[in-house]
Every structure is written in structure tokens, then in C-alpha cells.
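1. I would like to see how this sequence folds:
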Amino acid sequence: MPGVSLNKARTIVRKAIAKGQELELKPLSVVVLDAGGHVQAFEREDGAAPGRFEIARGKAYGTVMLGMAGTAQLARAEQQPHFINAVNGVYGGAVIPVPGGVLIRDKKGVVIGAVGVTGDTSDNDAIAAMAGIDAAGLTGEI
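-> Predicted structure coming up:
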């Protein structure tokens, strides 16, 4: 199964946090998952709430498990809440269907993982995630 290398995962985390600092966002927490939903890298910025790991992971986990970015998940949740409720049942409540969960694709378009960012507004979280993905030379899908 293709995945995000540790080096690229660390770049994503570092650059997402740097983007948050550049935009003067609230302290961020950033997780990178591989294509199987396993944590490849995580950092919680100083001042971020301790429970943010689970939120960041939930954004990324739903994204990679469904192959659907956070923005698309939110739209689906609004249109078909029963679907997202069922998905959360299947995954033990681990899916958080909002922006800030971003798919990572390689140069061939294959999904190789996901990023979850939390700490500011969901839209700003997604901006920070994309900055990290771009810096790693990969393609993100919001």
C-alpha cells in the first residue's frame, strides 16, 4: 500500500504549523495518516488544547477511510446525516466530517494518506494543511 514517507509527513506538519503562525492562527495540532489510517506524524503547537489530537485524527481518519475530503464530508453530512451517523458507527465515532481533513495524493493521483489540522476555524485549518502538503511536493484535496 502506498503511503506518505516519514520525511514528507514531518515536512507537512512543520509547514502547516508555520503557515498557522504566519497567518496568526490559534495554536494548531497537525496529524498525518498513511493510506491505512495509521499515524505517521503528529505535533501539537505550544498552547493548543490537549484534546486536539483526537480532533485532528478524526478529521484525517474520516478523510482517508472514505476517500472523501472534509469539505465533501460536511456537504454529505448536511444532505444525508444518516450516512455520516452510520459511518461513525462503523468507525467507533472516530470520524469528524468537517474541513481541515485533507486527502493527500501522489503525482499519479493515488491517495497516499490524509492530514488533519485543528485549532482555528475549520477553513483556516484546511489552509494550513494545504500549505504543508504543497511544501512536501504532494497534492491535497480539500
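2. count the residues that sit near Glu45.
-> 17 (other C-beta atoms under 10 Å). Where you see a C-beta, it was placed from the backbone N, CA and C, and this is true even at glycine.
3. now it: phi and psi?
-> The phi/psi pair for Glu45 (degrees, to the nearest 10) reads phi -60, psi 150.
4. go on, Gly37?
-> Phi and psi for Gly37, reported as degrees, to the nearest 10, are phi 90, psi 10.
5. that one: neighbour count?
-> By the measure other C-beta under 10 Å, the count of residues near Gly37 is 17.
6. who touches Ala60 in this structure?
-> With contact taken as C-beta atoms under 8 Å, 6 or more residues apart in numbering, Ala60 is in contact with 31-33, 101-102, 113-116.
7. this structure: strands as residue ranges?
-> 29-34, 39-44, 101-105, 111-118, 139-141 (DSSP state E).
8. could I get these as CSV with distance to Pro2, mean pLDDT and mean neighbour count?
-> Below are the strands of the chain laid out as CSV (distance: least, C-beta to C-beta, whole Å; pLDDT from 0 to 100; neighbours: other C-beta atoms under 10 Å):
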stretch, distance to Pro2, mean pLDDT, mean neighbour count
strand 29-34, 9, 98, 29
strand 39-44, 12, 98, 19
strand 101-105, 10, 98, 28
strand 111-118, 5, 98, 30
strand 139-141, 13, 98, 19
